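> My questions concern the predicted model and sequence given below.
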Amino acid sequence: MPRKNPMVRINARPRGGQPGQSFVLRIIGGEWRGRKIHFPAVQAIRPTPDRVRETVFNWLQGITPGSRCLDLYAGSGALGLEALSRGAREVVFVDVEPAVVRHIGDTLRDLACDRGRTVRADAAGFLAQSATPFDVIFLDPPFAAPVLPDICQRIEAGGWLKEGGFVYIEAPSAAGEPMLPPGWTLLKSKRAGEVGYHLARRDVGETT
C-alpha cells in the first residue's frame, strides 16, 4: 500500500552552495520538455547532465511510458521527473535529505502531477521493506559513497525489480563497469567525462 505523508530528498555530487541559492535543471523531453526546475544548493547534489539523460531515455524509449519507476537516490529529481514527463505511470522518489524531500514534493505540486510520490529514507532502509517490484530503477548515489554493489544485491534479494526490468546506474567513470548481481545483464555502458553510466536488465527466468 502507498505510504502516507511521504517526504523526499535530493542527491548528487559534491558542489558548494550558499543558503538561499538554487540551481536549475531542464526537462529535455516529453510533456514538460523545456521546463526549468529549480532545486536547492544542497551539498553533494549534481543532476545527471542533459546529454547523459538524453542518451539514457533514448535507451529506455518504448519502456518508460506506462512504467513504474524508482528513483532511489533522487537528488535533484532529474531522472524521475524526466521519466514522468515521458509518460511513466508512477515514480517513487527516495532520498534522506529533508530539503530535497520538500523540493521534490513542491515540484510535483507545481507540475500538478499526482503520479509522483516522495519518501524520506536512506536507500538501505527503504529496501528493507516489503517490495512491490518496479519496471525501472534509477541508481545515482553520491560519487564518494561506494554503495552500488551492496544496493544492487539488496534490490535483487528483496525482489524490487521485475523480471525483464531495467536498472540505470551512474558512477565515476574511473570505476569501470559496475558489479552486478547474478541474473542481471549489462546492456549499455558509456562515459561522459568523469561520469560513467550504464543500463542493466534483470533476466527473465525460463519457463518449464
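Yes, it's here.

> mind listing the helices for this structure?
50-59, 78-85, 98-110, 123-127, 148-158 (DSSP state H).

> now the angle from the longest one to helix 78-85?
Regarding helix 98-110 and helix 78-85, their directions subtend 20 degrees when assessed with axes from the mean of the first three to the mean of the last three Cα atoms, to 10 degrees.

> Show me what helix 98-110 packs onto, helices and strands only.
Applying 3 or more Cβ pairs under 8 Å, 6 or more residues apart in numbering; DSSP states H and E, one finds that helix 98-110 contacts strand 36-40, strand 90-95, strand 116-120. To be clear about C-beta, it is placed using only N, CA and C from the backbone, and glycine gets the same treatment.

> quick revisit: right, so the helices of the chain: which one is the most enclosed?
helix 78-85 (a mean of 28; mean count of other Cβ atoms under 10 Å).

> who are the neighbours of the single longest strand found in the chain, in terms of helices and strands?
In the chain, with assignment by DSSP state E, the single longest strand is strand 161-172. For strand 161-172, the packing partners by 3+ Cβ pairs under 8 Å, 6+ apart come out as strand 134-139, helix 148-158, strand 195-202.

> Of all those, which one is nearest Ala124?
Of all the helices and strands packed on strand 161-172, it is helix 148-158 that lies closest to Ala124, at 6.5 Å by Cβ to Cβ.

> Run through the protein and note the low-pLDDT ranges.
In the predicted model of the chain, residues 1-22, 41-46, 144, 206-208 satisfy pLDDT under 70.

> 50 - rerun?
Along the chain, the parts satisfying pLDDT under 50 run over 1-21, 207-208.

> CSV for the helices of the chain, including distance to His198?
Converted to CSV, those look like this (distance: least, Cβ to Cβ, whole Å):
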stretch, distance to His198
helix 50-59, 10
helix 78-85, 14
helix 98-110, 24
helix 123-127, 18
helix 148-158, 10
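
> To Tyr197, which of the ones you listed lies closest?
Of all those, helix 50-59 comes closest under Cβ to Cβ, at 5.5 Å.

> could I get that closest one in CSV with only the CA atoms?
Extracted in CSV, the C-alpha atoms of helix 50-59 (Å, rounded to 0.1, in the frame of the first residue of the first chain):
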residue,chain,number,x,y,z
ASP,A,50,21.4,16.8,-20.1
ARG,A,51,23.3,14.8,-22.7
VAL,A,52,23.5,11.8,-20.4
ARG,A,53,19.8,12.0,-19.6
GLU,A,54,19.0,12.2,-23.3
THR,A,55,21.1,9.1,-24.0
VAL,A,56,19.6,7.2,-21.1
PHE,A,57,16.0,7.9,-22.1
ASN,A,58,16.8,7.0,-25.7
TRP,A,59,17.9,3.7,-24.3
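
> now it against helix 78-85, angle please.
Using the same axes, to 10 degrees: helix 50-59 against helix 78-85 is 50 degrees.
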